[in-house]
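1. Build me a structure from this.
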Amino acid sequence: MIVSITPYGLQISHVRRCLSRTLLCVVLLSSASFAAQEGTETAAANTNYSIEIQADSAVFDEQKKLIQYDGSVIMRQGPLKISADSITIMSDDDGVTELIAKGNPVRYHQTKTATVPSIKAEADSIHYFKIDERMELTGQAFLEQNGQSFRAPRIEYRLTEQTLKALGHSADGPKGRVIMVIPPRTTQ
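-> Numbering: from 1, shown residues only. As a prediction, this is how the structure comes out:
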């Protein structure tokens, strides 16, 4: 079943069940995103925040377990904000399997909390893979945390292992350079 929400209203029923399952998946995804950095804000802690997704349109496909938001998409959950031209969320019975955000650029911002540092990221595409807790930023990728920043055609971040790999090329893009900026240490 495909369900569309447009500025003109809701079409077809069964949205509540599909939407609630999808929002639960988004809660689990967004709480995991970059939270492994310097302390761990658990998924349970982030579920205390409501999720707000704004878009020009949304299409739900219950058979494919897919939801796609298009047109100036803004997703917020507590200290997390993602802005993109489109966000596609794929799920199975266990929750989110993948999230793809595309834009010019996609902007990811995690405001500093007691357990998570402020993180900013931008790329033409941000792709999250639940199976191995991995995020790929491709196309003019940029990530900044605690004053340190990385810029490269592709950045891969493994949430569980807290490892980052910056590559001077992406599968379908031109070659480039990896740039890392480390601020000077300050002494008190």
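2. just how off-centre is stretch 126-135 within its chain?
-> Computed by C-alpha atoms, centre = their mean, to the nearest Å, the chain-centroid distance of stretch 126-135 equals 9 Å.
3. Buried residues, that stretch. List them.
-> Applying a neighbour-count criterion of 16 or more other C-beta atoms under 10 Å, the buried positions in stretch 126-135 are I126, H127, Y128, F129, K130, R134, M135. For every residue, glycine as well, the C-beta is placed using N, CA and C.
4. TSV for those, including pLDDT?
-> Below are the buried residues of stretch 126-135 laid out as TSV (pLDDT from 0 to 100):
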residue	pLDDT
I126	94
H127	95
Y128	88
F129	91
K130	86
R134	88
M135	87
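5. Out of those, flag the one nearest to S50.
-> Taking C-beta to C-beta as the measure, S50 lies nearest Y128 of those, at 20.4 Å.
6. how about the helices of this protein, start to end?
-> Shown for the chain, the helices assigned by DSSP state H span residues 15-32, 43-46.
7. how far away is G139 from L164?
-> Distance from G139 to L164, counting by C-beta to C-beta, to the nearest Å: 17 Å.
8. can you pull the pLDDT of V26?
-> pLDDT, V26: 43.
9. again with S170
-> 67.
10. Pull up the gap between D85 and S72, please.
-> According to C-beta to C-beta, D85 stands 7 Å off from S72.
11. So between these two, which is more surrounded?
-> D85 (18 against 13; other C-beta atoms under 10 Å).
12. which residues touch the more buried one?
-> D85 sits next to D70, G71, S72, V73, K102, G103, N104, V106 when contact means C-beta atoms under 8 Å, 6 or more residues apart in numbering.
13. low-scoring pLDDT stretches of this protein, where are they?
-> For the chain, the stretches with pLDDT under 70 are 1-47, 170-174, 187-188.
14. who's the residue nearest to K65 when sequence neighbours are not counted bridged to?
-> Leaving out its chain neighbours, the residue that sits closest to K65 by C-beta to C-beta, 6 or more residues apart in numbering is S91, at 4.7 Å. In this structure, S91 bridges to V96 when assessed by DSSP bridges.
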